[in-house]
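Engineer: I would like to see how this sequence folds:
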Amino acid sequence: MTREVMEGMPKRPYHVGMSASTHHSRPAARSTPQAFGDHLRHWRQHRRLSQLDLAQEADISTRHLSFVETGRSVPSREMVMRLTERLDIPLRERNALLVAAGYAPMYRERPLADPALDAARQAVELILKSHEPYPALAVDRHWNLIAANRMVAPLMAGADASLLQAPMNVLRMSLHPKGIAGNIVNIVQWRTHLFERPRQQIAATADPVLIELLAELKAYPVPASASADTLDGEHAGVVMPLRFRTPHGVLSLISTTTIFGSPVDVTLQELALETFFPADDFTRQVLQSL
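Structural biologist: Coordinates of the predicted model:
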């Protein structure tokens, strides 16, 4: 696995364990035509590359690439893989391009309960469990909760039951008026911070479900409880912590995001683990006491 430092948000009261299948809010409607050349042009333009740029990256002639995009030339399976790699296309969409070119999909999508993913599932469960007494959870590409350790439950207190129904979206839970937004002390800055994660994903994947989700999140009102000191100023620390109001006092949390390195399974590529850490001694003491 590889790990990048990111700030996170509270999630749903699930215990450690994988669901039988990965949750999805709904299938992503394809916004691009089915012809391979149209798929390829869409991704090339999304990556802001000219035909000359991509041809040089893929070590082919611009003429050949033009013929592939217009349908005058049928690419080999090797060529499809080379182009999708150079364009850094997600595995799910690489399968779509393979099918559009007349080839079988290369990357499987299996639920985490599949025996073939035993090692990966055990790794996820180990990370979640061993991270206690601090919160940790796993989410899919649309930020739907897959699993969490026992320390996530206390952060969900007070959330409306409708938002806890599976598949539970952790971004919606964090910012919805009936979720936990009212407990986030630095909600104004935190909203802006949370918007950046799906925005980065959209830039990488052009996922229409994420585009719709981001628009929904931006439409949520700022809680009336937002204090004036959250409206101005910059955070003076290294990272922006989540300042969360609880019956035990205000907790300050930062988090890291863990992803699988070099996955060859769609589910694993789209899986992310959020592990939270105390940003101060008070938060550490409260979480350990729980």
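Engineer: the stretch 101-250 of the chain: strands as residue ranges?
Structural biologist: Assigned by DSSP state E, counting those that start in this stretch, the stretch 101-250 of the chain shows strands spanning 136-139, 145-148, 242-246, 249-259.
Engineer: tell me the most buried of the ones you listed?
Structural biologist: Ranked by mean neighbour count, these are led by strand 136-139 with a mean of 28 (mean count of other C-beta atoms under 10 Å). In this view, the C-beta of every residue, glycine as well, is placed from N, C-alpha and C.
Engineer: right, and the strands of the stretch 101-250 of the chain - which one's nearest residue 197?
Structural biologist: strand 249-259 (8.8 Å; C-beta to C-beta).
Engineer: what helices or strands is that closest one leaning on?
Structural biologist: Counting contacts by 3 or more C-beta pairs under 8 Å, 6 or more residues apart in numbering; DSSP states H and E, strand 249-259 is packed against strand 2-5, strand 242-246, strand 272-278, helix 281-289.
Engineer: the stretch 151-290 of the chain: helices as residue ranges?
Structural biologist: 170-175, 187-205, 208-219, 266-269, 281-289 (DSSP state H, counting those that start in this stretch).
Engineer: show me where pLDDT drops low in the stretch 101-250 of the chain?
Structural biologist: When residues are selected by pLDDT under 70, those of the stretch 101-250 of the chain lie in 225-238.
Engineer: can you list the domains in this protein?
Structural biologist: Per automatic domain parsing, the structural domains of the chain span 2-22+112-289, 36-100.
Engineer: my guess is residue 95 meets residue 107, correct?
Structural biologist: Yes - counting by C-beta atoms under 8 Å, residue 95 does reach residue 107; the two are 5.5 Å apart.
Engineer: for the two, list the residues in contact with both.
Structural biologist: Common neighbours of residue 95 and residue 107 (criterion: C-beta atoms under 8 Å, 6 or more residues apart in numbering): residue 266.
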